[in-house]
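**Student:** sequence unknown, structure follows:
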């Protein structure tokens with residue numbers, strides 16, 4: 001008798017675990033994929049910083065309309081800093097590198 005109770009418990013626990021796993025899997029499959037709010041900005045190191053800092057004053061996508069080398073992007077970022085963009089010096093450098101790599105001269 002004891003062994004049939006033990007088997008019943010084991011099977012019940014296995015069935016419960018399987019059901020919980022299948023339910024969690026179904027719920028995860030129903031979650032919509034996170035939409036990229038800035039599809040014209042390519043992935044890369046500094047992208048998130050650039051979006052956060054530049055969107056303080058304007059749409060960050062404005063950068064995708066321009067092409068500059070690192071010196072040109074530094075001048076643009078320095079100009080934005082002079083107009084009140086708030087970031088650390090390291091973050092401004094990250095933004096310059098991201099922009100120079102993502103939107104170089106043609």
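**Tutor:** Nice, I can see it. The structure presented is a predicted model; accordingly, all values stated were derived computationally and were not measured.

**Student:** Longest helix of this protein, counting residues only.
**Tutor:** Assignment by DSSP state H gives helix 2-30 as the longest helix of the chain.

**Student:** need the next SSE after that one, C-terminal direction.
**Tutor:** helix 47-54 (DSSP states H and E).

**Student:** mind giving me the domain split of the protein?
**Tutor:** According to automatic domain parsing, the chain comprises the domains 1-31, 47-102.

**Student:** possible to save those domains as JSON lines with distance to residue 39 and mean pLDDT?
**Tutor:** The way it works is simple: take the backbone N, C-alpha and C, and place the C-beta from them, glycine included. Output for those, formatted as JSON lines (distance: least, Cβ to Cβ, whole Å; pLDDT from 0 to 100):
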{"stretch": "domain 1-31", "distance to residue 39": "20", "mean pLDDT": "71"}
{"stretch": "domain 47-102", "distance to residue 39": "9", "mean pLDDT": "96"}
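
**Student:** Out of these, indicate the one that is most buried.
**Tutor:** domain 47-102 (a mean of 16; mean count of other Cβ atoms under 10 Å).

**Student:** Please state the offset of that domain from the chain centre?
**Tutor:** 17 Å (Cα atoms, centre = their mean, to the nearest Å).

**Student:** Okay, now it: how far is its last residue from its first?
**Tutor:** 9 Å (Cα to Cα, to the nearest Å).

**Student:** got it, and stretch 19-39?
**Tutor:** Using Cα to Cα, the end-to-end distance of stretch 19-39 comes to 38 Å.

**Student:** what residue is smack in the middle of the protein?
**Tutor:** Geometric centre of the chain, nearest residue: residue 48, 6.8 Å, by Cα atoms, centre = their mean.

**Student:** Would you quantify the distance from it to residue 98?
**Tutor:** 9 Å (Cβ to Cβ, to the nearest Å).

**Student:** Cheers, nothing more for now.
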